[in-house]
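Participant: With the sequence up front, the predicted model follows.
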Protein chains: 2
Amino acid sequence: MDQEMKVAYQDDLDEETLFLVSQTFKALSDPTRIRILNLLFKKEYSVNEIAETLELKQSTVSHQLRFLKNLRLVKYRREGTTLFYSQDDEHVMNMLKQTIEHANHS
Amino acid sequence: MDQEMKVAYQDDLDEETLFLVSQTFKALSDPTRIRILNLLFKKEYSVNEIAETLELKQSTVSHQLRFLKNLRLVKYRREGTTLFYSQDDEHVMNMLKQTIEHANHS
DNA sequence: CTTAAATATGAATATATAATCATATATGAA
DNA sequence: TTCATATATGATTATATATTCATATTTAAG
């Protein structure tokens, strides 16, 4: 490896890490997604239940769930025509919980 | 308080919390800001040092530092015409460090 | 095979965001 | 005061994002 590249990168992050980290935090940077994940702390919810509870359009919830699903932050199980979504990443959910608590008593 | 409002809000977050939490994560959702904060793990840097190290425009760095400063994630001290920026939020920096490590061995 | 219910999807739109350029401001030295 | 250096700021532009509407798809029931 070239000496100059080493120097240039020694205090910087590689692209893959940067992408993964930024995507993870981006998932938690939108109020709607935070509200959805906050629901999923306690139990699983169907798409419609989330929409009703949070007073959001069904399509809004579905789009955001797809986003969260792609990042493997949520998973679902099917029961007939109903899909029950639940959390699927302990690390991220813990960060969210911590930050909510941090924000609450500040 | 109205019964209906209670019901609507019981599993939801209040607006202020939601704003604080989303802003915090938004700060960490941009690759450029992540790279800047990643530098500040080790030591303080001037604006120009950050720009040179990360090969960014001076104005880009300055804009992003203002963003991070507004959220009190960084602070600075002056030495002549030079401003040295450093980290100013342990909780957020720990989250970032954890997530970088998590991303690195995955 | 039709229908109803639940969910997903695509297109459109409005808004937010990041980077850049040009320039302003601030500090200290001469 | 003049100048050089470091940093900040405002305006512009390009891109990304979230929401919405309309409609498609999927599943199970009848």
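Facilitator: Structure received.
Participant: Enumerate the residues of chain A near chain B.
Facilitator: Within chain A, the residues that sit near chain B (CB under 8 Å from any CB of the partner chain) are A:8, A:11-13, A:16-22, A:24-26, A:28-31, A:34-35, A:38-39, A:42, A:53-55, A:91, A:95-96, A:98-100, A:102-104, A:106. (C-beta placed from N, C-alpha, C; glycine too.)
Participant: Recalculate using a threshold of 6 Å.
Facilitator: Residues of chain A lying close to chain B (CB under 6 Å from any CB of the partner chain) are A:11, A:13, A:17-18, A:20-22, A:24-26, A:28-29, A:31, A:34, A:38-39, A:91, A:95, A:99-100, A:102-104.
Participant: filter those residues to the buried ones?
Facilitator: A:13, A:17-18, A:20-22, A:24-26, A:28-29, A:34, A:38-39, A:95, A:99-100, A:102-103 (16 or more other CB atoms under 10 Å in any protein chain shown).
Participant: what residue is smack in the middle of chain A?
Facilitator: The residue lying closest to the centre of chain A (CA atoms, centre = their mean) is residue A:27, at 4.2 Å.
Participant: Now for that residue: which residues touch it?
Facilitator: A:71, A:73 (CB atoms under 6 Å, 6 or more residues apart in numbering or on different chains).
Participant: Distance of it relative to DNA strand D?
Facilitator: 8 Å (CB to the nearest atom of the strand, to the nearest Å).
Participant: export stretch A:72-79 as PDB, just CAs?
Facilitator: Presented in PDB, the C-alpha positions along stretch A:72-79 are these (Å, rounded to 0.1, in the frame of the first residue of the first chain):
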ATOM      1  CA  ARG A  72     -33.100  -5.300   9.200                       C
ATOM      2  CA  LEU A  73     -34.300  -3.100  12.100                       C
ATOM      3  CA  VAL A  74     -37.700  -4.800  12.000                       C
ATOM      4  CA  LYS A  75     -39.100  -8.100  10.900                       C
ATOM      5  CA  TYR A  76     -42.600  -9.500  10.400                       C
ATOM      6  CA  ARG A  77     -44.700 -12.600  10.700                       C
ATOM      7  CA  ARG A  78     -47.800 -13.200   8.700                       C
ATOM      8  CA  GLU A  79     -51.200 -14.200  10.100                       C
END
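Participant: Just want the phi and psi numbers for residue A:84.
Facilitator: Dihedral angles of residue A:84 (phi, psi; degrees, to the nearest 10) stand at phi -100, psi 120.
Participant: before we move on, back to that, what's the separation between the residue nearest to the centre of chain A and residue A:96?
Facilitator: 9 Å (CB to CB, to the nearest Å).
Participant: go on, residue A:64?
Facilitator: 14 Å.
Participant: So those two - more neighbours on which side?
Facilitator: residue A:96 (23 against 20; other CB atoms under 10 Å in any protein chain shown).
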